[in-house]
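J.: A structural model of the following input is requested.
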Amino acid sequence: MPAFFLTMMACLVVTLAGREQVRTARLSAALGGTTSLLVIVWGCAVATSAIAAWAATLIAPMMPPEAKQMFVAIALLLSALELAFLRAGPQPQEPTRSAGAIAIVMFAAQLTDAARFLVVALTLQTGEPALAAAGGALGSGVALTVAVLAAGEWEARVPQKWLAWGFGGVLALVAVIMGMSARGII
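T.: Next up is the predicted model:
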């Protein structure tokens with residue numbers, strides 16, 4: 001069960017403070033928070049987490065335990081950098097109302113975000129792909145559901161920049177400690 005809880009918490013934190021949260025809230029505000037948007041959010045979270053966990057099972061046999069721990073440290077550091085420096089782009093003037101187009105964009109964005117990289121890393125570390133995928137899907141799905149429900153209120157009420165820097169700082173600190181531990185320094 002540690003794989004499930006670690007991945008769920010990591011994905012929840014990274015998604016809450018990330019740019020996908022802002023994009024989803026903006027889209028929800030423009031569309032009026034539709035049920036189909038929730039279905040797309042959850043479908044993409046489940047599919048991308050499953051793909052990430054599956055990818056980890058392909059590379060796991062080639063990595064020694066120390067390399068797996070270093071991979072987790074690197075994933076945490078890259079997630080911290082993504083939170084600290086990458087922001088959501090400007091709000092589109094006319095967002096699409098096509099469910100297919102929304103699904104494709106959300107799928108691509110989630111497949112390449114920091115949360116999925118953490119699913120890969122934690123799957124490698126724990127060796128539990130099904131639990132890591134379920135945790136990643138639940139963490140990201142809950143965070144993006146909050147964005148759909150909050151819609152336009154998300155950006156107005158949440159200090160996104162400070163949230164991203166705060167969570168990014170914590171992730172960077174944990175990454176340094178894990179990296180030093182993997183190298184035998186501490």
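
J.: by mean pLDDT, which helix or strand of this protein comes out lowest?
T.: Between all helices and strands in the chain, the lowest mean by mean pLDDT, DSSP states H and E belongs to helix 153-157, at a mean of 75.

J.: so which elements touch that one?
T.: Packing partners of helix 153-157 (3 or more C-beta pairs under 8 Å, 6 or more residues apart in numbering; DSSP states H and E): helix 19-31, helix 129-150. C-betas here are computed from N, CA, C, even on glycine.

J.: contacting residues around the next helix or strand after it?
T.: Going down the chain from helix 153-157, the next helix or strand is helix 160-182, by DSSP states H and E. For helix 160-182, the surrounding residues in contact (C-beta atoms under 8 Å, 6 or more residues apart in numbering) are 13-14, 16-18, 21-22, 66, 69-70, 72-77, 79-84, 87, 154, 186.

J.: of those, just the buried ones, ChimeraX syntax please.
T.: What follows is the ChimeraX syntax selecting those of these that are buried according to 16 or more other C-beta atoms under 10 Å:
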select :13,14,16,17,18,21,22,69,70,72,73,74,75,76,77,79,80,82,83,84,154
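
J.: out of the helices and strands packed on helix 153-157, which gets nearest to Val39?
T.: With respect to Val39, and counting by C-beta to C-beta, the nearest of the helices and strands packed on helix 153-157 is helix 129-150 at 10.3 Å.

J.: what is the mean pLDDT for the closest one?
T.: Across helix 129-150, the average pLDDT comes to 92.

J.: kindly export that helix (C-alpha atoms) in PDB.
T.: Below are the C-alpha coordinates for helix 129-150, written out as PDB (Å, rounded to 0.1, in the frame of the first residue of the first chain):
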ATOM      1  CA  PRO A 129       2.700  -0.800 -10.900                       C
ATOM      2  CA  ALA A 130      -1.000  -1.300 -10.300                       C
ATOM      3  CA  LEU A 131      -1.000   0.500  -7.000                       C
ATOM      4  CA  ALA A 132       1.200   3.300  -8.200                       C
ATOM      5  CA  ALA A 133      -1.100   3.800 -11.300                       C
ATOM      6  CA  ALA A 134      -4.200   3.800  -9.100                       C
ATOM      7  CA  GLY A 135      -2.600   6.300  -6.700                       C
ATOM      8  CA  GLY A 136      -1.500   8.500  -9.500                       C
ATOM      9  CA  ALA A 137      -5.000   8.400 -11.100                       C
ATOM     10  CA  LEU A 138      -6.700   9.200  -7.900                       C
ATOM     11  CA  GLY A 139      -4.400  12.000  -6.800                       C
ATOM     12  CA  SER A 140      -4.500  13.800 -10.200                       C
ATOM     13  CA  GLY A 141      -8.200  13.000 -10.700                       C
ATOM     14  CA  VAL A 142      -9.200  14.600  -7.300                       C
ATOM     15  CA  ALA A 143      -7.000  17.600  -7.900                       C
ATOM     16  CA  LEU A 144      -8.500  18.200 -11.400                       C
ATOM     17  CA  THR A 145     -12.000  17.600 -10.100                       C
ATOM     18  CA  VAL A 146     -11.400  20.400  -7.600                       C
ATOM     19  CA  ALA A 147     -10.400  22.600 -10.600                       C
ATOM     20  CA  VAL A 148     -13.600  21.700 -12.500                       C
ATOM     21  CA  LEU A 149     -15.800  22.500  -9.500                       C
ATOM     22  CA  ALA A 150     -14.000  25.700  -8.600                       C
END
